[in-house]
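[1] Provided below are the primary sequence and the corresponding predicted coordinates.
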Amino acid sequence: MSAAAAPAPAAAPAPGRARRTAAAWGHRAAPVVLLVLLVAAWQAVVALAEVPPFLLPSPSAVAAEFAEFLPTIASAALITGTNALVGLVVGAVVAIAAAVLASAVRAVDLLLDPVVAGLAVVPIVALAPVLYTMYGASVETGRQIVVAVAVGVPVFVTTLRGLRQVRPVHRDLMRAYAATPRQAVRAVTIPTALPFVFTGLRLASSLAVISAIVAEYFGGPRSGIGSFITTAAAGSNYARAWAYVLGGVLVGLLFYGATSAVERWGTRGVRRG
Amino acid sequence: MTAPTAAGAAPGAPTATAAAVQVTGVGRVFPGEGGRSVTALEHVDLTVGAGEFVSLIGPSGCGKSTLLRLVADLDEPTSGSIAVFGRPAREARLGHDYGIAFQQAGLLPWRTVRANIELPLSLHGVGRGARRERADEMLALVGLTDFADHFPDQLSGGMQQRVAIARALAERPSLLLMDEPFGALDEMTRERLQSELVRICAETQAAVVFVTHSIPEAVFLSDRVVVMSARPGRIAGIVDVGLGRSGSRDDALREDEAYFAAVTAVREALHGGADGVPSRGVETR
């Protein structure tokens, strides 16, 4: 339990709060300062050592390309982001449903176990070309399926683990109080499992964006961040390729931030344990 | 004093005349690995009267916790029968006839103290207002009114156990089952909670079946101490403590002659009743 999570005393002494606020700002500022320093160092190295652009373009060149191609980057990010979101939602819903089923029915668990182990080791983005052939190379469906499969494994594993964390004493308690199965699930099973589910979702959100981008490297419509990175790199526009990479990073951060926010909201009552 | 949901005088409802717990010829055999079964309990007969405080004491593995779980219908006997207020243990459980507390407090960490105490009430469909009122009473009873909105991990072990006892008492059960509830606490906290339990039992008039491995604890709390022996678990003897009804017990009793005499009687029953098998796991502190 963190001190911050405790119900605030009615009248916290003001100096303490000020110190805490300052500390919190310090925590947030530290990575920003680090980032600024790194970018400055990068710029300095490129300028002073006269590194050729094909080896490493300078941050200012990348920024210039980013500004110039902002509308294209934004629309490409939107398409990649949509693919990642559709895949994430579909994959997570299917994975959670499968985990619930596996935790309830032993036979399903035994059936799914090798399937999930198999899926975990398949380089699923490499299957993208096959999916493009199946669904047509002009639609995004293949990419969304790649994302859904990639996302499904961690969500399934963490959810199933969470569903099995119910403590024996809580199970006894539910039986002693003659709770119906539905009541026991609501009172104990779901609150116990939720933190695990959200951990899986947080892992999956970054994976979703990465899978969506990489799937674009293997063909399909020339629409998303990944397609433009390959195009720019093939045309020796290295600074522009980096500008698209920056767009991909921003989409990934957005996804990570959004799932973290959902996690905080979803576990606001159950974070203790 | 019956649970609200069991108050309707349906056939098989608890009756005032029936004993709180009637254990008749009960045995429990656990199937073991490779066909080697373990006999946890054998030929156990025990009657706990309404409002009576009975402790089960014995070495580790004597089946005292198993017996309590059988009464609670958390497990089923392989032979014999168990009646709680005159009806089968299963019906008693479904009728919410008893409250229960375990060695681990077993609070739900994502619920506040108040919400934990209200848990059995909300599971059984008691309205919000009545729940709140009852939780307030229980909080006052265990002296945790100021901690109603705290979460369990903000409380000490002793306080958590008091919440668990309040939860067990929330539905005004006429029977309280306690499985080493103070086992994980330090000696000072333990003695304070024992005194509180004596007071609470005097107020609620509930019968109590209390599993412990501490002789002084059993003697201080109980009307009768049931001494059990291990392998197979059976009742080796019953010591009538006779130190007066719960309400009149206080800390002075801990230094009383009669108290020491009863402690000695229980100790002798423990050591003599096991056919020469040394009584391991029994605390004599």
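    Structure received.
[2] for chain A, what are the nearby residues on the stretch 101-250 of chain B?
    Contact residues, the stretch 101-250 of chain B versus chain A (CB under 8 Å from any CB of the partner chain): B:102, B:104, B:106, B:108-110, B:119-120, B:123-124, B:149-154. No exception for glycine: its C-beta is placed from N, CA and C like everyone else's.
[3] Any of those buried? List them.
    B:102, B:104, B:106, B:108-110, B:119-120, B:123-124, B:150-152, B:154 (16 or more other CB atoms under 10 Å in any protein chain shown).
[4] where along chain B do the strands fall?
    For chain B, strands defined by DSSP state E occupy the ranges B:21-30, B:38-48, B:53-57, B:79-84, B:87-88, B:98-101, B:175-179, B:207-212, B:224-229, B:234-240.
[5] Grab the most central residue of the chain for me.
    Picking chain A for this. residue A:205 (1.8 Å; CA atoms, centre = their mean).
[6] Chain B is the one I meant
    residue B:178 (2.4 Å).
[7] Model confidence score at it, please.
    Looking at residue B:178, its pLDDT is 91.
[8] ok, now which ones touch it?
    By CB atoms under 8 Å, 6 or more residues apart in numbering or on different chains, the contact list for residue B:178 reads B:68, B:100, B:101, B:165, B:168, B:208, B:209, B:210, B:211.
[9] Which neighbouring elements make contact with the helix or strand harbouring residue A:83?
    In the assignment (DSSP states H and E), residue A:83 maps to helix A:70-104. For helix A:70-104, the packing partners by 3 or more CB pairs under 8 Å, 6 or more residues apart in numbering or on different chains; DSSP states H and E come out as helix A:106-121, helix A:141-163, helix A:190-216, helix A:225-234, helix A:238-266.
[10] Give me the buried stretch members for the fourth one, please.
    Spelled out, that is helix A:225-234. By 16+ other CB under 10 Å, the buried positions in helix A:225-234 come out as A:225, A:226, A:227, A:228, A:229, A:230, A:232, A:233.
[11] Show me where the chain dips below the pLDDT cut-off.
    By default, I'm working from chain A. Counting by pLDDT under 70, the low-confidence segments of chain A come to A:1-18, A:268-273.
[12] you looked at the wrong chain, it should be chain B
    In chain B, residues with pLDDT under 70: B:1-17, B:243-252, B:273-285.
[13] which residues does the residue of it positioned farthest from its centre contact?
    In chain B, residue B:34 marks the outermost C-alpha relative to the chain mean, sitting 34.0 Å out by CA atoms, centre = their mean. Residue B:34 makes no contacts at all, as judged by CB under 8 Å, 6+ apart.
[14] and if you look at residue B:233?
    Per CB under 8 Å, 6+ apart, neighbours of residue B:233: B:39, B:40, B:41, B:42, B:44, B:58, B:61, B:62, B:63, B:64, B:66, B:67.
[15] try residue B:266
    Shown in contact with residue B:266 (CB under 8 Å, 6+ apart): B:57, B:215, B:218, B:219, B:225, B:227, B:239.
[16] Widest-spaced pair of the residues you listed?
    Greatest spacing in the contacts of residue B:266, by CB to CB: B:219 and B:227 (11.3 Å).
[17] neighbour-wise, which of these two wins?
    The neighbour count for residue B:219 versus residue B:227, taken as other CB atoms under 10 Å in any protein chain shown, is higher for residue B:227 (29 against 26).
[18] how many other residues sit next to the closest residue to that one other than its chain neighbours?
    Nearest residue to residue B:227 in three dimensions, chain neighbours excluded: residue B:269, at 4.2 Å (CB to CB, 6 or more residues apart in numbering or on different chains). Using other CB under 10 Å, the number of residues around residue B:269 comes to 23.
[19] isn't residue B:238 right up against residue B:223?
    No: in this structure, residue B:238 is not within contact of residue B:223 by CB atoms under 8 Å, at 10.6 Å.
[20] Just want to know which of the two has more residues nearby.
    Neighbour tally, residue B:238 and residue B:223, criterion other CB under 10 Å: the higher count belongs to residue B:223, 20 against 13.
[21] Please report phi then psi for that one.
    Dihedral pair for residue B:223: phi -80, psi -40, per degrees, to the nearest 10.
[22] so how far is residue B:201 from it?
    Residue B:223 sits 10 Å away from residue B:201, going by CB to CB, to the nearest Å.
[23] Then residue B:45?
    According to CB to CB, residue B:45 and residue B:201 sit 24 Å apart.
[24] would you list every one of the helices in chain B?
    B:64-71, B:89-94, B:113-123, B:128-141, B:157-169, B:187-204, B:215-221, B:257-272 (DSSP state H).
[25] rewinding a little: ok, of the contacts of residue B:178, which one's closest to residue A:115?
    Among the contacts of residue B:178, and counting by CB to CB, the member closest to residue A:115 is residue B:100, at 41.1 Å.
[26] Can I get the buried ones among the residues of the stretch 101-250 of chain B next to chain A in CSV including distance to residue A:216?
    Listed next are these as CSV, based on distance: CB to CB, whole Å:
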residue, distance to residue A:216
B:102, 56
B:104, 52
B:106, 51
B:108, 46
B:109, 44
B:110, 41
B:119, 51
B:120, 56
B:123, 52
B:124, 56
B:150, 52
B:151, 47
B:152, 49
B:154, 50
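[27] and residue 80, what is it in contact with?
    No chain was given, so I picked chain A. By CB under 8 Å, 6+ apart, the contact list for residue A:80 reads A:209, A:212, A:213, A:216, A:224, A:225, A:226, A:248, A:251.
[28] was after chain B, sorry
    Contacts for residue B:80 (CB under 8 Å, 6+ apart) come out as B:23, B:24, B:25, B:26, B:27, B:43, B:44.
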